[in-house]
Every structure is written in C-alpha cells, then in structure tokens.
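Asker: next input, structure requested:
(one chain, ligands or ions: 2)
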Amino acid sequence: MALRKWLECLDYLAKPDPVKCPNNNYCQRKFGGLNRKYHLKNHLLKECGVIINCQICSKQFGHLKSLRYHMGVAHLTIL
Ligand SMILES: [Zn+2]
Ligand SMILES: [Zn+2]
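Answerer: Numbers count the residues shown, from 1 in each chain. Ligands and ions are numbered 1, 2, ... in the order given. Below is the predicted model:
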C-alpha cells in the first residue's frame, strides 16, 4: 500500500496498541501508548524512508520506482 493510503487510514491503523508499522516488509517497528498514532505518522514520514522527494521539483513519491519514472518523464533524467 502507498504511504498516502497509510496516512489516510492512520486512525484505523493506530487502533491496536501497540501498532505495527504498515511497511512491515522492510520494518518491524512498533509503537505503543497514547501517542502511538503520532509516533507512527512521524516514523512513516521521517524514518521509514517511504516518502521520497524529487530533488528538482520536490514532488513526493511513495516509491523509488515512481520517482525513477517521474525523473525520466518529467526531467529527462535517468536515475
Ligand atoms: Zn517503519
Ligand atoms: Zn520532479
């Protein structure tokens, strides 16, 4: 699932305590306690590396593949 989807259903994802990072193919992090939703969100945005910014136009991508494609199409750059 894409990061945006995760962020959209954060309320739902964060219901269990502790909540597991939905990016669990790569990451085994868990967050517990009252602020777990906030911690999970921060983690997804900053630590989990699932948001990638284009260096040229700073558009955001949930996947390296999409960024590669974008670079080729929008900036004629091969990564
Ligand atoms: Zn994670
Ligand atoms: Zn770009």
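Asker: report the buried residues of stretch 48-61.
Answerer: Buried residues in stretch 48-61, defined by neighbour count with 16 or more other C-beta atoms under 10 Å: Cys48, Val50, Ile52, Cys54, Phe61. C-beta here means a position set from N, CA and C on the backbone, and glycine is covered the same way.
Asker: so which of the residues you listed reach ligand 1?
Answerer: For ligand 1, the contacts drawn from these by C-beta under 5 Å from the ion are Cys48.
Asker: out of the buried residues of stretch 48-61, which comes closest to ligand 1?
Answerer: Of all these, ligand 1 sits closest to Cys48, with 3.6 Å by C-beta to the ion.
Asker: what secondary structure does the nearest residue to that closest one once chain neighbours are set aside sit in?
Answerer: Closest residue to Cys48 apart from its sequence neighbours, by C-beta to C-beta, 6 or more residues apart in numbering: Asn23 at 5.1 Å. Put simply, Asn23 is coil when judged by DSSP: H, G, I helix; E, B strand; the rest coil.
Asker: is it true that Asn23 touches Leu45?
Answerer: No. Assessed by C-beta atoms under 8 Å, Asn23 is found out of contact with Leu45, at 11.5 Å.
Asker: tell me which of those two has more neighbours.
Answerer: More neighbours surround Asn23 than the other of Asn23 and Leu45, with 18 against 14 (other C-beta atoms under 10 Å).
Asker: sounds good, over and out.
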